[in-house]
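1. Provided below are the primary sequence and the corresponding predicted coordinates.
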Amino acid sequence: MTDKLLVTKEGHVVTLTLNMPETRNALTDADLCDALVNALHTINADQSVRCAILTGTGKAFSSGGNLKHMQEKSSIFGGDAIDAKDRYREGIQRVARAVWECEVPLIAAVNGPAYGAGCDMTCMCDIRIASSRATFAENFVRVGLISGDGGAWLLPRQVGLSRAAEMTFTGDPVDAETALSWGLVSKVTEPEELLPEANRLASRIAQNPPRQLRMAKRLLREGLNTRFDSLLQLAAVYQGACHQTEDHSEAVDALLEKRAPQFTGR
């Protein structure tokens, strides 16, 4: 694993830290993209993981695209239109799919500016909490681009179409308190409290049975696109499976016996 992405695991919680502060954690570095995708695939395969946190080192969560790469026409910005399409598909869009398809609850702990693809990446997560120093900007138009990583689909689902359009068409940044009032983040903390708060939230989530957490997340994801009747059908299938698990029996027994449950993922 490259040191451009730091991966730590404590108990049932994995923390992924973007670690390229010299580029403000720009997401156009191939090594960083590969490391993120690999780490998320590993999380999906590890049934002991119940929650994950995504954050950044330095002053920024992520600046999105690297302006030097844009100027040099390198990384995903090089070649003709067909080359660029292929590089987007195999680069940042591969990361977007991996983040969106993370099977466990994923918390974005936004420590600073989240611009462009960085803003969109926070929207790929399930829950966002922000440092008071965080800002969010869908600023692609400011560099003569559009969102190439799904932001046009993601952002309206977080803040509504009117506010998403305002952010997209102006490129103006939104501060943490505004993001809170718009529903883009769940909570704003002082900078030094961001990771402790994210870990407290992750620990509360991780107290619950792991397979049920993954199924609950999948239902929320499916609910964004499917008909109500179709979602009910899927929920019935999942619920039937849950009823057969040892963790369901353990949860009921623990509640009746007024003790803490011990979940095993079975």
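-> Received, thanks. Numbers count the residues shown, from 1 in each chain.
2. the chain: strands as residue ranges?
-> Using DSSP state E, the strands found in the chain span residues 5-10, 13-18, 51-56, 106-110, 114-115, 127-131, 135-137, 174-175, 187-189.
3. as CSV, those strands with mean neighbour count and distance to residue 25 would be great.
-> All C-beta atoms are positioned from the backbone trio N, CA, C, and that covers glycine. Conversion of those to CSV gives the following (neighbours: other C-beta atoms under 10 Å; distance: least, C-beta to C-beta, whole Å):
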stretch, mean neighbour count, distance to residue 25
strand 5-10, 15, 10
strand 13-18, 22, 4
strand 51-56, 26, 4
strand 106-110, 27, 11
strand 114-115, 29, 9
strand 127-131, 24, 14
strand 135-137, 24, 14
strand 174-175, 18, 19
strand 187-189, 18, 19
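4. closest one to residue 38 among those strands?
-> strand 5-10 (8.8 Å; C-beta to C-beta).
5. what's that closest one packed up against?
-> Packing contacts for strand 5-10, counted by 3 or more C-beta pairs under 8 Å, 6 or more residues apart in numbering; DSSP states H and E, involve strand 13-18, helix 30-45.
6. who does the shortest one pair up with?
-> I take that to be strand 13-18. Counting by DSSP bridges, the strands paired with strand 13-18 are strand 5-10 (antiparallel), strand 51-56 (parallel).
7. angle of the first one against helix 30-45?
-> Here strand 5-10 points in a direction 20 degrees away from that of helix 30-45 (axes from the mean of the first three to the mean of the last three C-alpha atoms, to 10 degrees).
8. as a check, name the ranges of all helices in this structure.
-> Taking DSSP state H as the test, the helices found in the chain are 30-45, 67-72, 81-90, 92-100, 117-124, 151-159, 161-170, 176-182, 194-206, 210-223, 228-243, 246-257.
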